[in-house]
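# the following block contains a protein sequence and its predicted model.
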Amino acid sequence: MFIPAFMLLAATAAGQQVQRVEYFIDTDPGFGLATPVPVTAPGHDLSLSFQADLSGLAQDFHILGIRACDESGRWGTPFQQNFYITGPVSTLSADVTFAEYFIDADPGFGLATPVPIASPGNNLSLSFHVDAAGLAQGFHVMMVRACDDMGRWSAIHQQVFYVFKAVTMEIPDVTGMEYFIDEDPGFGSGTPVNMSSHGKDVTADFLVYLGGLSDGDHIIYIRGKDALNRWSHTFAHAFTLNATGTGEKEAASWFRLYPNPGDGHFMLDLTDMHSGTVTITIRDMSGRTVYANELHGEIIPVYVDLSAGVYLLRMDAGKKCFSHKLIIQ
């Protein structure tokens, strides 16, 4: 077993040349008694490359000492280099046969929670569930390591995660509903809806008073309130009011949009429409178009990535067009 070595040597006195070089390991045998390093040509400034014999050295740290002697027989100060002897390493590819994980505290090699390995190999991709039961709310560290068929453990892979304890809360009953047409009078100031009973899932049938409305397009808005006095998102339903030949008013459903206000995810219900294509255009309060799309279908999920604020949504379907306010929270 050899170690390659390289050194630069220079004579310390004018006119003197390096004549001899020798090295020793750990213990100095004395000047001129160490292992010689071949010098092909003496000189004032030498660059030497050689291999040091490490046979018989134990696995551990060692010190390589190198020194030179000039033509006057004067030895220079030894140059020292630390190195480490490792044990023999198998050239055979070792398979991963065992894996384990632990959280926060290391119980010791082989004592953590095992990770199932269906088939040992030297390049594995493992998927497993981590038991987080009993962990306190806060940050934790999960650590994973593997062991091969020679009993050698790998370095630890760490993953930081956060445990959040969800607070269970009883859902309050729906205790009130109201509606308004076109203009929002404010929470609690709409027309009350008679409810036969309160509950967590309420269905209410009611009549809407359309007196005083002009012919044309309108939107009815409906919202509910729970026992904690919290109001729901507003459900919007568009309709067109037309005069019949008998002098009566007829309301034709158009589309439903909900929730509004919302976070940009809303549903567009066009079940009552007969047009196959609907164009949506959304403009901000300055009139700038921030979204435009052509939609097909009856119940369509729509997502708009917009900043919180008030926008004007326009829908065009055949000869019909309709505009109303869209609120992004």
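Yep, that arrived. Numbering: from 1, shown residues only.

# surely W75 touches R67?
Yes. Look at W75 against R67 with CB atoms under 8 Å: they come within range, at 5.6 Å. For the C-beta atoms, the positions are set from N, CA and C on the backbone; glycine is no exception.

# which residues do those two both contact?
Common neighbours of W75 and R67 (criterion: CB atoms under 8 Å, 6 or more residues apart in numbering): F31.

# A238: neighbour count?
Look at A238: counted by other CB atoms under 10 Å, it has 21 neighbours.

# could you pull out the strands for the stretch 1-150 of the chain?
Ranges of strands within the stretch 1-150 of the chain are 2-10, 18-25, 35-37, 45-53, 61-70, 79-84, 96-103, 113-115, 138-148, based on DSSP state E, counting those that start in this stretch.

# with mean pLDDT added, can I get those in JSON lines?
Shown next, in JSON lines, are the strands of the stretch 1-150 of the chain (pLDDT from 0 to 100):
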{"stretch": "strand 2-10", "mean pLDDT": "48"}
{"stretch": "strand 18-25", "mean pLDDT": "89"}
{"stretch": "strand 35-37", "mean pLDDT": "91"}
{"stretch": "strand 45-53", "mean pLDDT": "80"}
{"stretch": "strand 61-70", "mean pLDDT": "86"}
{"stretch": "strand 79-84", "mean pLDDT": "81"}
{"stretch": "strand 96-103", "mean pLDDT": "92"}
{"stretch": "strand 113-115", "mean pLDDT": "92"}
{"stretch": "strand 138-148", "mean pLDDT": "89"}
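
# more neighbours: which of W75 and R67?
Neighbour comparison, W75 and R67: the larger count goes to R67, with 21 against 13 (by other CB under 10 Å).

# pLDDT value on the nearest residue to that one once chain neighbours are set aside, please?
Nearest residue to R67 in three dimensions, chain neighbours excluded: P78, at 4.3 Å (CB to CB, 6 or more residues apart in numbering). P78 carries a pLDDT value of 82.

# then A317?
Reported pLDDT for A317: 74.

# that one contacts V278, doesn't it?
Yes. Using CB under 8 Å, A317 is in contact with V278, at 4.6 Å.

# who touches both of these two?
With CB under 8 Å, 6+ apart as the test, A317 and V278 both reach L270.

# in the chain, which residue sits furthest out from the middle?
S72 (71.0 Å; CA atoms, centre = their mean).

# which residue, other than its chain neighbours, is closest to it?
Per CB to CB, 6+ apart, closest to S72 is Q16, 6.0 Å.

# residues contacting that neighbour?
Contacts of Q16 (CB under 8 Å, 6+ apart): 44, 70-72, 74.

# run through the bridge partners of L312.
R283, K325 (DSSP bridges).

# give the contact list for it.
L312 neighbours (CB under 8 Å, 6+ apart): 282-285, 323-326.

# where along this protein do the helices fall?
Secondary structure of the chain (DSSP state H): no helices located.

# where does it dip in pLDDT?
1-15, 87-93, 166-169, 244-247, 252-254, 271-276, 319 (pLDDT under 70).

# center of it, which residue is that?
Using CA atoms, centre = their mean, the most central residue of the chain is F161, at 11.1 Å.
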